[in-house]
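In: Return atomic coordinates for the entry below.
(one chain, ligands or ions: 2)
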Amino acid sequence: MIQPISVPAAEQIQGIIQMRDVVKTFISPAGEFTALKGINLALQEGEFTAVIGKSGSGKSTLLNMLTGIDHPTSGQVLVDGVDLYAMSESKRSLWRGRNLGIVFQFFQLLPMLNLLENVMLPMDYVGKYEIDQRPKKALELLDLVGLKDQAQQLPQAVSRGQQQSAAIARALANDAPILVADEPTGNLDSQSACQVIDLFEELSRKGKTIVMVTHDPSMTERASRTVFISDGELVNETIAQSLPLLTHPVMMELGHRVVPLHFQPGATILERNKAVDNLYMIQSGRVDIVLKERRSGEVIISTLERNDLFGEMELLQGGRSIASVRASLEGPVDLLALSREDFQWLIKESPLTEKALTDMVRTRLEERKRPDRRGRRRGLFRK
Ligand code: ADP
Ligand code: MG
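Out: Ligands and ions are numbered 1, 2, ... in the order given. Prediction:
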């Protein structure tokens, strides 16, 4: 049986933006509809996160919780340690202007203002720069997005790609550390979309935290992290990364079946020669695979890290653990454990995953038989 040293998922997460058990239920004459079903998400500073999901999956609702445009039915949103929904409405609005830049799918530039004036609007609201500094700052931002020469044009006089670039410049007006974008490429041709993504990538390199939601998988390639949302729930990222061949519904179901485990540095996770009853996925930290050698004592034959898995060899072959597995001394380890029964269910649901795991085990066993000089058991537990 698994003995979870349980830390609630919501407590573990840290980051510049934290959503803790966020639920959003809309109440309309037609009845209740829960669009977000307990979202736990932490975004790290400087990360470029893509949130991907089908239309209606809850992407915009999720962003509206982050920006404070709407409010959760329950749960918390902390941004840089500040509880967004403990603030008064007016404080939240000012906070948003200072800390967030928001890019909308339909640009939402004011048609009677030229691009420069559009970019200056948020500056006027927050009052971050002196009045006489604002045009210069706004022009610098338009230059950054390649629109310096169009500064005096009205929105309708430039292309849609350029309008979206101007909207990004506007989102950057107060040099907010976080940029939030709702399908920013949804109304652009592929070339303009590519320019927008280039720009996001560059901003992320410069240290901005970016959250972009999209329904288009091709837009996520250059994000540093991708999070899937389906029917108001996030797919567990460790599951998605360590078992990538599963369908999203199976990933989602596994998310309900796994048990989180926490180990202190150096703690034993599996003992050699003991039966293995779970598949383990590494959420954070590193684990050492340790063998006892007659002559040299203990030897670390491999180190596994985030999104690696172990236990599959024993589960597939019915054997006992051939080595001990320990949390590395450098820090604590968080794992997800999947029971033998759930593992059987998983490989029945996904023949592709079963084949990939079986191939992986076979390769590892062959490598064991053919020791090479660089490291005898290298690759034993490695993909
Ligand atoms: P996405 O942005 O992924 O397309 P949304 O977050 O806009 O999805 O919507 C998620 C679900 O919540 C949809 O089924 C939508 O119909 C519903 N929804 C969104 N806003 C409201 C609202 N104000 N009242 C009732 N239902 C809503
Ligand atoms: Mg939407």
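
In: tell me the SS of the closest residue to Phe310 other than its chain neighbours?
Out: Of all residues not flanking Phe310 in the chain, Tyr280 sits nearest, at 5.2 Å (Cβ to Cβ, 6 or more residues apart in numbering). (Each C-beta comes from the backbone N, C-alpha and C, glycine too.) Three-state call for Tyr280 (DSSP: H, G, I helix; E, B strand; the rest coil): strand.

In: and Tyr280, what is it in contact with?
Out: Going by Cβ atoms under 8 Å, 6 or more residues apart in numbering, Tyr280 touches 261, 269, 309-311, 325, 335-338.

In: Can you say which two of those are spatially most distant?
Out: For the contacts of Tyr280, the maximum inter-member distance is 15.4 Å, found between Val325 and Leu338 (Cβ to Cβ).

In: For Ala193, see how far away Ala173 is.
Out: 23 Å (Cβ to Cβ, to the nearest Å).

In: Can you pick out the residue with more neighbours from these two?
Out: Ala173 (24 against 20; other Cβ atoms under 10 Å).

In: close enough to count as contact, the more buried one and Glu140?
Out: No: between Ala173 and Glu140 there is no contact under Cβ atoms under 8 Å: 10.5 Å.

In: does Ser192 count as helix, strand or coil?
Out: Assigned by three-state DSSP, the conformation of Ser192 is helix.

In: residues contacting it?
Out: With Cβ under 8 Å, 6+ apart, Ser192 has these contacts: 159-162, 164, 185.

In: tell me which residues of stretch 51-60 are tucked away?
Out: Neighbour-count burial for stretch 51-60, counted by 16 or more other Cβ atoms under 10 Å, picks out 51-53, 57-60.

In: again with stretch 351-364
Out: For stretch 351-364, burial by neighbour count (16+ other Cβ under 10 Å) applies to 353-354, 356-357, 360-361, 364.

In: most neighbours, which of the contacts of Tyr280?
Out: Neighbour-wise, the contacts of Tyr280 (other Cβ under 10 Å) top out at Leu335, 28 neighbours.

In: The host helix or strand of that one pairs with which strands?
Out: Secondary structure assignment for Leu335, by DSSP states H and E: strand 333-339. As defined by DSSP bridges, the strand partners of strand 333-339 come to strand 259-263 (antiparallel), strand 278-284 (antiparallel).

In: Ligand 1 is nearest to which of these?
Out: For these, proximity to ligand 1 was assessed by Cβ to the nearest ligand atom; strand 278-284 is nearest, at 25.9 Å.

In: Tell me the first helix or strand C-terminal of that closest one.
Out: Following strand 278-284 in sequence order, the next helix or strand is strand 287-293 (DSSP H and E).

In: picking that back up, okay, and which of the contacts of Ser192 map to helices?
Out: 160-162, 164 (DSSP state H).

In: Can you tell me which of the residues you listed are buried?
Out: Buried subset of those (neighbour count, 16+ other Cβ under 10 Å): 161-162, 164.

In: now, among these, which is nearest to ligand 1?
Out: Closest to ligand 1, out of all of these and judged by Cβ to the nearest ligand atom, is Gln164, at 17.6 Å.

In: now the strands for the stretch 51-200 of the chain?
Out: Counting by DSSP state E, counting those that start in this stretch, the stretch 51-200 of the chain has strands at residues 74-79, 82-83, 100-103, 178-182.
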